[in-house]
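[1] Based on what follows, work out the 3D shape:
(one chain, ligands or ions: 2)
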Amino acid sequence: MEKLTEKEISPLPSLDVWEDDVLSRYPEPGTAKAKEEFRVYNDAEDNPVREFYRLNHTYQTYGNVLAKKANFLQFDKMEMPWWSAMEYLNTLVDESDPDISLDQLQHLLQTSEAIRADGHPDWFVLTGFIHDLGKVLCLFGEPQWNVVGDSFPVGCKFSDKIVYPEFFAANPDSTDERYNTKYGVYTHQCGLDNVHMSWGHDEYLYHITKDYLPEEALYMIRYHSFYSQHREKAYDHLLNAHDQEMFKWVDKFNPYDLYSKSPKPPVVSELKPYYEDLIAKYLPATVKL
Ligand SMILES: [Fe+2]
Ligand SMILES: [Fe+2]
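    Ligands and ions are numbered 1, 2, ... in the order given. All right, here's what the predicted structure looks like:
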């Protein structure tokens with residue numbers, strides 16, 4: 001790949017812009033929130049979300065995923081206590097409008113506090129709290145389209161149920177006969193554990209946490225951006241029966257991620273002791289990134 005320009009590394013003014021776009025695609029049922037409440041862009045050529053997906057769909061190849069796994073699954077970048085890692089993630093600030101946007105920690109705490117308020121098990125609360133930690137990839141210089149965006153399988157035909165499917169035409173895998181058939185390198189209902197997903201914060205955090213959290217939590221972490229499956233059911237031919245069972249938890253998690261935003265920021269200092277205890281209960285003292 002030629003050297004990327006600054007605009008190709010960060011097409012979005014902030015990562016939240018992607019999340020706002022997801023929210024406009026999947027608004028909370030029963031609420032009639034005006035689109036103006038979110039930074040929703042129209043379909044103009046200069047729409048940053050559109051440009052983000054153009055880059056994402058062009059460059060998320062099977063080869064890209066294998067290369068990113070070879071690099072980031074070494075976990076040789078940094079090591080620190082979990083809480084420090086959460087604070088490190090929070091240095092990812094929205095420079096475009098620091099006043100109106102919630103920082104990363106606030107989104108995570110609003111998600112986890114909504115889960116806690118509904119009386120779910122503590123590992124579910126912890127999952128809500130850490131689910132976006134993988135976004136530290138941005139702080140390691142990864143382009144936004146290798147960190148966020150709807151995730152999807154690579155190594156087989158891209159579904160037209162994925163947002164902006166037309167941009168896959170520029171992906172070299174679309175014309176590679178190893179990868180452009182319905183099953184590609186996979187077999188019927190082979191199970192998602194055998195499927196490579198596009199690279200991003202979900203897959204990265206899954207590998208960081210896979211030895212420590214219950215399987216239900218790991219499904220939520222690994223597939224929370226896989227909208228073309230959990231909302232559109234586009235890949236039933238790859239999921240096995242166990243995946244289908246576990247996706248009930250992905251479905252349970254998604255509304256907390258999308259619909260827990262509230263203008264009232266959580267008070268981090270008041271919540272910190274509770275979350276430090278949760279971290280200590282399930283996770284090792286430090287996290288290797
Ligand atoms: Fe996320
Ligand atoms: Fe999130």
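[2] show me the contacts for the closest residue to ligand 2 within the stretch 101-250 of the chain.
    Closest to ligand 2 within the stretch 101-250 of the chain is Asp132: 4.4 Å, counting by C-beta to the ion. For every residue, glycine as well, the C-beta is placed using N, CA and C. By C-beta atoms under 8 Å, 6 or more residues apart in numbering, the residues touching Asp132 are Leu89, Gln104, His107, Leu108, His201, Leu205.
[3] Could you pull up the residues touching the third one?
    Taking C-beta under 8 Å, 6+ apart, we find His107 in contact with Asp16, Glu19, Asp132, Lys261.
[4] And the closest residue to Leu192 other than its chain neighbours, how far from Ser24?
    What sits nearest to Leu192 in space, not counting adjacent residues and going by C-beta to C-beta, 6 or more residues apart in numbering, is Asp243, at 4.9 Å. Using C-beta to C-beta, to the nearest Å, Asp243 is found at 28 Å from Ser24.
[5] Among these two, which residue is more densely surrounded?
    Applying other C-beta atoms under 10 Å to Asp243 and Ser24 shows that Asp243 carries more neighbours, namely 21 against 16.
[6] Residue numbers of the protein in contact with ligand 2?
    Asp132, Asp257 (C-beta under 5 Å from the ion).
[7] which residues of the chain fall in strands?
    Remark: strands assigned in the chain by DSSP state E are 79-81, 286-288.
[8] Please render the ones you listed as CSV that adds mean pLDDT and mean neighbour count to the earlier fields.
    As requested, the strands of the chain are exported to CSV (pLDDT from 0 to 100; neighbours: other C-beta atoms under 10 Å):
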stretch, mean pLDDT, mean neighbour count
strand 79-81, 98, 14
strand 286-288, 98, 17
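[9] rewinding a little: in contact with the residue nearest to Leu192, which residues are there?
    Per C-beta under 8 Å, 6+ apart, neighbours of Asp243: Gly191, Leu192, Tyr219.
[10] Kindly state the pLDDT recorded for it?
    In this model, Asp243 is scored at 98, pLDDT.
[11] Which members of the contacts of His107 occur in helices, if any?
    Asp16, Glu19 (DSSP state H).
[12] right, and the pair among the contacts of His107 with maximum separation?
    Spatial extent of these (C-beta to C-beta) is set by the pair Asp132 and Lys261 at 13.1 Å.
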